[in-house]
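[1] got a sequence here, can you model it:
(one chain, ligands or ions: 1)
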Amino acid sequence: MNNTMNLYSRLPKVDQILEDKRIENLYNIAPREIIADSTRAVIAELRDSISNKQIALEELDRQIYFITDTIEKKVRKAIEPKLKKVINCTGVVIHTNLGRSLISKEIMEHMTEISSSYNNLEFDLETGVRGSRYSHLEDIIKKITGAEAALVVNNNAAAVVLALSSLAKSKEVIVSRGELVEIGGSFRIPEVMEQSGAKLVDVGTTNKTHLKDYESSINENTAAFLKVHTSNYRILGFTASVSLEELVNLGEQYHIPVIEDLGSGVLVDLRKYGLQYEPTVQDSVNAGVDVITFSGDKLLGGPQAGIIIGKKKYIDVMKRHPLNRALRIDKFTIAALESTLRLYIEEDIAINKIPTLKMLTATQEELNKKAEKLLSKINQEKSKELTTEIVDDYSQVGGGSMPLEQLPTKCIMIYSDKISVSSLEKGLRSFSTPIVTRIFKDRLYIDLRTVDEKEFDTVAEGIKFASSNNLKECY
Ligand SMILES: *Cc1c(COP(=O)(O)O)cnc(C)c1O
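    Numbering: from 1, shown residues only. Purely as a prediction, here's the structure:
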């Protein structure tokens with residue numbers, strides 16, 4: 001007891017530390033408040049270790065001696081943005097948890113200019129009077145998709161709610177039971193439908209829905225047919241669904257619009273690049289679908305947005321709907337989406353300049369070159385305890401797109417007898433630039449598809465960090 005009391009008395013006072021020359025520099029990077037909070041926290045931790053662990057005198061003195069370093073680390077952590085860059089080594093290209101599609105540096109430069117200066121967001125430069133923020137996007141969307149009209153809102157979930165609310169509030173909407181899906185992040189068709197005020201009429205069965213199922217449910221309250229792209233899952237085997245063309249024909253016959261939630265919104269046919277068929281936006285327009293909604297940040301490769309295209313008479317109703325004001329996009333989204341869409345005017349340019357498409361269409365040769373380059377950097381830095389090897393594996397598209405697609409890729413596989421793979425994974429995740437990797441059967445994988453060459457040095461440093469004895473210190 002006495003001994004413990006002695007230890008407590010060795011702890012420095014907060015005010016004393018705040019005057020210490022060694023933390024003077026911190027006042028240039030952080031408010032006094034944060035430095036004081038961090039100091040109190042570090043002292044409280046020492047106090048805890050005295051009361052819990054009966055810390056030895058020498059160890060306590062050592063920690064007190066280095067206390068300003070510990071405080072500096074805490075202060076730096078406290079002022080660091082919570083949302084920060086990570087390196088995606090998972091090979092999942094459209095990784096919803098890691099921010100989905102990347103915006104290229106070139107487009108970011110344009111966004112910087114737009115957002116750090118005034119702009120013509122709602123100003124018509126020709127007439128000098130108020131303009132519409134949507135005008136910047138509508139023509140380019142129409143040009144690329146062939147649709148009559150277009151509108152952009154916050155995300156695809158919002159697009160579906162706005163479409164249903166505008167066209168079918170308090171009325172019935174017929175949907176196949178096989179399409180009552182849940183897309184990641186709590187987007188569930190029945191719940192979205194309820195939010196919009198439309199009444200869900202589900203027809204057919206989980207695996208089979210026929211045209212007659214839709215037809216026999218039509219009544220005077222039917223406001224729309226809804227077709228949902230079952231993005232993230234597939235029903236295989238004994239199945240039947242109604243094609244877009246058949247549904248459009250039925251709709252024309254009864255004057256009922258067809259709304260399609262297309263999910264990913266791919267604008268180029270990716271079969272040319274060896275991927276499986278994913279219905280394109282243009283296919284739906286050509287099939288005569290009345291209203292089509294899709295995401296901006298999935299296969300399109302742009303910013304978060306929900307794009308609504310289709311017949312002008314329906315889009316006009318949505319433009320005037322009060323919900324549209326609540327779901328509207330800001331200047332950042334407009335700038336990024338317009339610039340991304342412009343790249344689609346020439347398909348080759350889109351494939352090469354839109355990061356999502358570039359990663360998805362990377363060739364085995366490119367991936368192998370990257371793997372060799374990264375491997376040599378890792379091997380220069382890494383501890384001897386680690387074994388590294390280039391292996392064949394598969395990447396995923398992600399974002400609920402093409403769930404069955406297996407993209408052949410190259411990975412660097414890492415393992416060790418001395419260091420557990422899970423502590424390596426944790427160490428990488430807690431690196432100054434967090435590195436997110438994949439574990440499979442007690443091996444760590446770094447998939448080259450989603451790692452940029454500019455990130456190779458950081459990955460190599462991260463591996464050195466995670467495998468070094470410092471591991472304990474980072475917790
Ligand atoms: C992803 C997806 C959504 C949700 O889109 P967000 O842009 O994330 O709001 C809705 N429907 C389908 C079919 C999807 O794949």
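
[2] wait, a helix at residue 394?
    No: under the criterion used here (DSSP: H, G, I helix; E, B strand; the rest coil), residue 394 is strand, not part of a helix.

[3] that one is in contact with residue 410, isn't it?
    No: when contacts are counted by Cβ atoms under 8 Å, residue 394 is not listed as touching residue 410 (10.6 Å). Where C-beta positions appear, they are placed from N, C-alpha and C, glycine not excepted.

[4] give me the more crowded residue out of these two.
    Ranked by neighbour count (other Cβ atoms under 10 Å), residue 394 and residue 410 place residue 410 first, with 26 against 13.

[5] and the more buried one, helix, strand or coil?
    Residue 410 ends up strand, using three-state DSSP.

[6] residues contacting it?
    Counting by Cβ atoms under 8 Å, 6 or more residues apart in numbering, residue 410 makes contact with 364, 367-368, 370-371, 390-393, 447-448.

[7] please apply the same query to residue 412.
    Taking Cβ under 8 Å, 6+ apart, we find residue 412 in contact with 371, 374-375, 378, 388-391, 445-446, 448.

[8] and the contacts of residue 410, which of them are buried?
    Neighbour-count burial (16 or more other Cβ atoms under 10 Å) is assigned, among the contacts of residue 410, to 367, 370-371, 390, 393, 447-448.

[9] for those residues, work out which two are farthest apart.
    Farthest-apart pair in those is 370 and 393; separation 13.6 Å (Cβ to Cβ).

[10] what about the residue in the stretch 351-475 of the chain that the ligand sits nearest to, how many residues nearby?
    Nearest to the ligand in the stretch 351-475 of the chain, going by Cβ to the nearest ligand atom, is residue 400, at a distance of 4.4 Å. Counted with other Cβ under 10 Å, residues neighbouring residue 400 total 22.

[11] and the helix or strand containing residue 174, anywhere near the ligand?
    Using DSSP states H and E, residue 174 sits in strand 172-176. No: if you take Cβ under 6 Å from any ligand atom as the test, strand 172-176 misses the ligand, and the best it gets is 12.1 Å.

[12] name the strands paired with that strand and say parallel or antiparallel.
    Next to strand 172-176 in the sheet, as set by DSSP bridges, lie strand 199-203 (parallel), strand 222-228 (parallel).

[13] give me the contacts around the longest one.
    Contacts with strand 222-228, where a contact means Cβ under 8 Å, 6+ apart, come from 164, 167-168, 171-176, 179-181, 189, 193, 198, 201, 214, 244, 247, 250-251, 254, 256-261, 263, 289.

[14] same question for the shortest one.
    Applying Cβ under 8 Å, 6+ apart, the set of residues contacting strand 199-203 from outside is 170-177, 180, 189-190, 193-194, 209, 213-214, 216-217, 221-222.

[15] in this structure, what residue is nearest the ligand?
    Residue nearest to the ligand within the chain (Cβ to the nearest ligand atom): residue 263, separated by 2.7 Å.

[16] and that residue, how close does it get to residue 77?
    Distance, residue 263 to residue 77, by Cβ to Cβ, to the nearest Å: 38 Å.

[17] tell me the mean pLDDT over whatever helix or strand residue 371 lives in?
    Secondary structure from DSSP H and E places residue 371 in helix 364-381. Per-residue pLDDT over helix 364-381 has a mean of 97.

[18] cool, and stretch 465-475?
    Here the average pLDDT along stretch 465-475 is 61.

[19] tell me the most buried of the strands paired with strand 172-176?
    Stretch with highest mean neighbour count among those: strand 222-228 (a mean of 23; mean count of other Cβ atoms under 10 Å).

[20] got the angle for the helix or strand following that strand vs strand 222-228?
    Next along the chain after strand 222-228, taking DSSP H and E as the criterion, comes helix 244-254. Orientation note: helix 244-254 sits at an angle of 180 degrees relative to strand 222-228 (axes from the mean of the first three to the mean of the last three Cα atoms, to 10 degrees).

[21] ranges for the helices of the stretch 201-350 of the chain?
    With DSSP state H, counting those that start in this stretch as the criterion, the stretch 201-350 of the chain has helices at 211-216, 244-254, 281-286, 312-320, 322-326, 331-343, 347-353.

[22] picking that back up, OK, contacts around the residue of the stretch 351-475 of the chain closest to the ligand?
    By Cβ under 8 Å, 6+ apart, the contact list for residue 400 reads 96, 183-184, 231-232, 263-264, 298.

[23] ok, residue 231 to residue 225 distance?
    Taking Cβ to Cβ as the measure, residue 231 and residue 225 are separated by 19 Å.

[24] ditto for residue 454
    The gap separating residue 454 from residue 225 is 47 Å, by Cβ to Cβ.

[25] need the contact partners of the helix or strand bottoming out on mean pLDDT in the chain.
    Within the chain, no helix or strand scores below helix 2-10, which has a mean of 79 by mean pLDDT, DSSP states H and E. Residues from elsewhere that reach helix 2-10 (Cβ under 8 Å, 6+ apart): 47, 50-51, 54-55, 57, 60-61, 64.

[26] hmm, which two among the residues you listed are most spread apart?
    51 and 61 (17.3 Å).

[27] distance from the chain centre to stretch 421-430, please.
    Put simply, stretch 421-430 sits 22 Å off its chain's centre (Cα atoms, centre = their mean, to the nearest Å).

[28] could I have it exported to PDB, CA atoms only?
    Taking Å, rounded to 0.1, in the frame of the first residue of the first chain, the C-alpha atoms of stretch 421-430 are listed here in PDB:
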ATOM      1  CA  VAL A 421      -1.700 -14.300 -39.900                       C
ATOM      2  CA  SER A 422      -4.500 -12.600 -37.800                       C
ATOM      3  CA  SER A 423      -2.000 -10.400 -35.900                       C
ATOM      4  CA  LEU A 424      -0.400  -9.500 -39.300                       C
ATOM      5  CA  GLU A 425      -3.800  -8.500 -40.600                       C
ATOM      6  CA  LYS A 426      -4.500  -6.400 -37.500                       C
ATOM      7  CA  GLY A 427      -1.100  -4.800 -37.700                       C
ATOM      8  CA  LEU A 428      -1.700  -3.800 -41.300                       C
ATOM      9  CA  ARG A 429      -5.100  -2.400 -40.500                       C
ATOM     10  CA  SER A 430      -3.700  -0.300 -37.700                       C
END
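
[29] got the buried residues for that stretch?
    421, 424-425, 427-428.

[30] what are the contacting residues of that stretch?
    Stretch 421-430 has contacts (Cβ under 8 Å, 6+ apart) with 386, 414-416, 434-437, 439, 442-444, 462-463, 465-467, 471, 474-475.

[31] still on that earlier bit, pull out the buried members of the contacts of strand 222-228.
    Members of the contacts of strand 222-228 classed as buried by 16+ other Cβ under 10 Å are 164, 167-168, 171-176, 179-181, 189, 193, 198, 201, 214, 244, 247, 250-251, 256-261, 263, 289.

[32] backbone dihedrals for residue 133, please?
    The phi/psi pair for residue 133 (degrees, to the nearest 10) reads phi -70, psi -20.

[33] isn't it up against residue 335?
    No: with contact defined as Cβ under 8 Å, residue 133 does not count as touching residue 335 (11.1 Å).
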